[in-house]
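> Mind folding the following:
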Amino acid sequence: MAKKGDRRGGTPRPLSELLRTVYPGREPEEVAVIRVFTWWRRAVPARVFARARPMRLSHGILYVNTASPAWALELDYLKPQLLASVQKHAPEAHVKELRFRTGPLPELPTGSRPDPKRPEPVPVAILPENLARALASIDDDELREAISGAAAVGLGRDAAR
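Below you'll find the predicted structure:
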């Protein structure tokens with residue numbers, strides 16, 4: 001039997017109730033917005049989060065600012081999946097639509113989401129010679145590193161990193 005004050009005791013509490021405890025005095029709509037914004041951080045990859053962030057939720061529409069028109073267009077293609085996900089994870093927000101537009105991204109509080117650490121480049125010596133030559137012809141450093149990392153894992157040589 002759990003002792004009084006033991007966090008493991010008792011019955012599970014709904015997340016909405018816990019959020020009201022963490023954010024006392026907040027209206028249910030504000031708690032819904034917090035849940036939607038938190039969902040966004042967890043739902044999208046770090047590279048997307050760095051270039052697109054929710055700005056506001058109004059009348060069931062989640063407005064997301066993007067760093068460029070290309071990002072807005074890319075996310076527009078993913079709209080059905082993103083909308084289904086937010087509706088599943090934050091149903092109390094009643095999100096009916098997502099709108100993407102180019103605009104300034106809000107500053108993040110320090111420590112809110114660490115920048116992804118770049119993996120160390122894979123030494124060319126561990127890759128087959130023909131692959132190393134092909135990689136040398138790729139001008140984009142990030143793309144070359146991604147392909148070499150994938151190749152090293154695919155070849156079972158991740159331990160050599």
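
> low pLDDT regions in the chain?
1-9, 15-20, 22-29, 31, 109-126, 152-161 (pLDDT under 70).

> top helix in it by residue count?
helix 28-43 (DSSP state H).

> Distance-wise, check residue 30 relative to residue 57.
10 Å (Cβ to Cβ, to the nearest Å). The C-beta positions use only the backbone N, C-alpha and C, and glycine is treated the same way.

> Those two: which has the busier surroundings?
residue 57 (22 against 14; other Cβ atoms under 10 Å).

> May I see the buried residues of whichever strand or helix holds the more buried one?
Using DSSP states H and E, residue 57 maps to strand 52-58. For strand 52-58, the buried set under the neighbour-count rule, 16 or more other Cβ atoms under 10 Å, comprises 52-55, 57.

> got these as JSON lines, with distance to residue 35 columns?
Output for the buried residues of strand 52-58, formatted as JSON lines (distance: Cβ to Cβ, whole Å):
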{"residue": "52", "distance to residue 35": "18"}
{"residue": "53", "distance to residue 35": "15"}
{"residue": "54", "distance to residue 35": "11"}
{"residue": "55", "distance to residue 35": "16"}
{"residue": "57", "distance to residue 35": "10"}
